[in-house]
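Participant: When you get a sec, could you give me coordinates for this:
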Amino acid sequence: MTVIDVHTHMFTTKWLELLKAKGGSYNIQTRPDGQQEIFRGDTPVVIPQKGHFDWELRIRHMDQAKIDVSVVSLTCPNVYWGGEEVSVQAAREANDNVADAQSRYPDRIRWFASLPWEYPQRAVEELERSCARGAVGVMVLANVSGKSLTDPMFEPVWAEIDRRALPVLVHPTDPPGVDLMDMTKFDLSWSVGFMFDTTLAITRMIFEGFFDRYPNMKVIASHGGGTLPYLVGRFEKGDEVELPSRRKMQRKPTDYLRHIYYDSITYNLGALQYLVSVVGAEHVMFGTDWPHWVHDTKGSMANTGALPEAQMHAVRSRNAERVFGF
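Facilitator: Residues are numbered from 1 along each chain as shown. Take a look at the predicted model:
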């Protein structure tokens, strides 16, 4: 059976060097265990691993795990730093690196483009260039330097993505205010903040009628949708008591939750089963978060393998084949 991993990440050495030189509040600190970690101020963001840079290691890992295709993206903090030219340079560096990897491993690697979202015209240009180089979708962080994804400034980018009917991986980063919410300790910015970031971003999209304006794109909510499935009842009750004059969406919140897609990265079988019960197995795709320190390749294989056979096949490959057109 084919297995397609829709959530896996990369860095490049040049990208990391550029971040160190031009990253502003982003900095590198050493953890107590000796690992180097990227921080935004005093907030931990991500720990670069060898697998982020080494494509041969990635293919060996895929072979061992019996993963046939990986859809790869740059991870946070992506390219939202350094000003316009630096942001464009960082996006081109990341996109060219993974495009070259796809050329070396054409049967194994596909990729999401990273875009300089803060500069919409440049983002549209990079999207066109990336699609010409083979990108099968777009990755965007759940907030772009603190700006909501539904901010009007991003409309030209969303319009082009929708015109191309591309999949979009919405991936969290540390949300604004993590320091005020005391999330900088114990990796709470990851365990709680990341889930909050994705949940808030997608909830805004739903209630602001975003999916009615852009019906063709295929949004994938990372990490099992954060807490979106668990909040389905509150969304429905909130819509029930909303003032009609303020209502922007054309359908019920649950309809939108069943319109978008999710990965299987829940770290827990019960959570995955609940996700499927809310949105349907046809809207969940296999993911591992490899090669992050917190990746869950074994857990993702075990949890999806515990689903009924038809659901397992849908999650591991058939949904991705449909969404990406593989």
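
Participant: all helices for the stretch 101-250 of the chain, in order.
Facilitator: 120-132, 155-164, 188, 194-207, 210-213, 222-225, 232-241 (DSSP state H, counting those that start in this stretch).

Participant: Deepest-packed of those, please.
Facilitator: Highest mean neighbour count among the helices of the stretch 101-250 of the chain (mean count of other Cβ atoms under 10 Å): helix 222-225, with a mean of 25. Any C-beta I mention is one placed from the backbone N, CA and C, and that applies to glycine too.

Participant: quick one: the closest residue to residue 222 other than its chain neighbours from residue 106, how far?
Facilitator: Excluding its sequence neighbours, the residue lying closest to residue 222 (Cβ to Cβ, 6 or more residues apart in numbering) is residue 171, at 4.7 Å. Distance of residue 171 to residue 106, computed by Cβ to Cβ, to the nearest Å: 25 Å.

Participant: the more surrounded of those two?
Facilitator: residue 171 (27 against 10; other Cβ atoms under 10 Å).

Participant: Kindly provide the distance from that one to residue 309.
Facilitator: Using Cβ to Cβ, we find residue 171 at a distance of 30 Å from residue 309.

Participant: Could you give me the buried positions within stretch 163-176?
Facilitator: Going by neighbour count (16 or more other Cβ atoms under 10 Å), the buried part of stretch 163-176 is 166-176.

Participant: and which of the residues you listed is nearest to residue 185?
Facilitator: Looking at the buried residues of stretch 163-176 and their distance to residue 185, the nearest is residue 174, at 12.9 Å (Cβ to Cβ).

Participant: burial count for residue 254?
Facilitator: By other Cβ under 10 Å, the residues close to residue 254 number 16.

Participant: Helix, strand, or coil at it?
Facilitator: The three-state label given to residue 254 by DSSP: H, G, I helix; E, B strand; the rest coil is helix.

Participant: wait, it sits on residue 232?
Facilitator: Yes. With contact defined as Cβ atoms under 8 Å, residue 254 counts as touching residue 232 (5.8 Å).

Participant: Show me the common contact partners of those two, please.
Facilitator: residue 278 (Cβ atoms under 8 Å, 6 or more residues apart in numbering).

Participant: Identify the residue spatially nearest to residue 148, adjacent ones excluded.
Facilitator: With sequence-adjacent residues excluded and distances taken as Cβ to Cβ, 6+ apart, residue 148 is closest to residue 204, at 5.7 Å.

Participant: who's in contact with the one you found?
Facilitator: 148-150, 210.

Participant: can you list these in TSV and add distance to residue 317?
Facilitator: As requested, the contacts of residue 204 are exported to TSV (distance: Cβ to Cβ, whole Å):
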residue	distance to residue 317
148	33
149	28
150	32
210	28
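
Participant: Can you pick out the ones from those that are in strands?
Facilitator: residue 148 (DSSP state E).

Participant: Just the closest of the contacts of residue 204 to residue 293, please.
Facilitator: Nearest member of the contacts of residue 204 to residue 293, counting by Cβ to Cβ, is residue 149, at 26.3 Å.

Participant: distance of that closest one from residue 55?
Facilitator: 30 Å.

Participant: what's the answer for residue 312, then?
Facilitator: 28 Å.

Participant: try residue 76
Facilitator: From residue 76 to residue 55 the distance is 21 Å (Cβ to Cβ).

Participant: same thing with residue 211?
Facilitator: Note on residue 211: its distance to residue 55, by Cβ to Cβ, is 35 Å.

Participant: Residue 225 now?
Facilitator: 29 Å.

Participant: surely residue 55 meets residue 104?
Facilitator: Yes. Taking contacts as Cβ under 8 Å, residue 55 lies within contact range of residue 104: 6.9 Å.

Participant: Those two - which one has more neighbours?
Facilitator: Using other Cβ under 10 Å, the more surrounded residue of residue 55 and residue 104 is residue 55, with 19 against 11.

Participant: What lies in contact with the one helix or strand residue 16 maps to?
Facilitator: In this assignment (DSSP states H and E), residue 16 forms part of helix 13-22. Residues outside helix 13-22 that contact it (Cβ under 8 Å, 6+ apart) are 26, 28, 38, 48, 53, 74, 77, 81-83, 86, 89-90, 93-94, 97.

Participant: For residue 70, name its beta-bridge partners.
Facilitator: residue 5, residue 109 (DSSP bridges).

Participant: what residues are up against it?
Facilitator: Counting by Cβ under 8 Å, 6+ apart, residue 70 makes contact with 4-5, 8, 58, 62, 108-110, 290.

Participant: Considering the contacts of residue 204, which possesses the most neighbours?
Facilitator: residue 149 leads the contacts of residue 204 on contacts (other Cβ under 10 Å) with 23 neighbours.

Participant: Can you tell me, leaving aside adjacent residues, what's nearest to that residue?
Facilitator: Spatial nearest neighbour of residue 149, excluding adjacent residues (Cβ to Cβ, 6+ apart): residue 201 at 5.3 Å.

Participant: Would you mind confirming that that neighbour is in contact with residue 169?
Facilitator: No. In this structure, residue 201 is not within contact of residue 169 by Cβ under 8 Å, at 11.9 Å.
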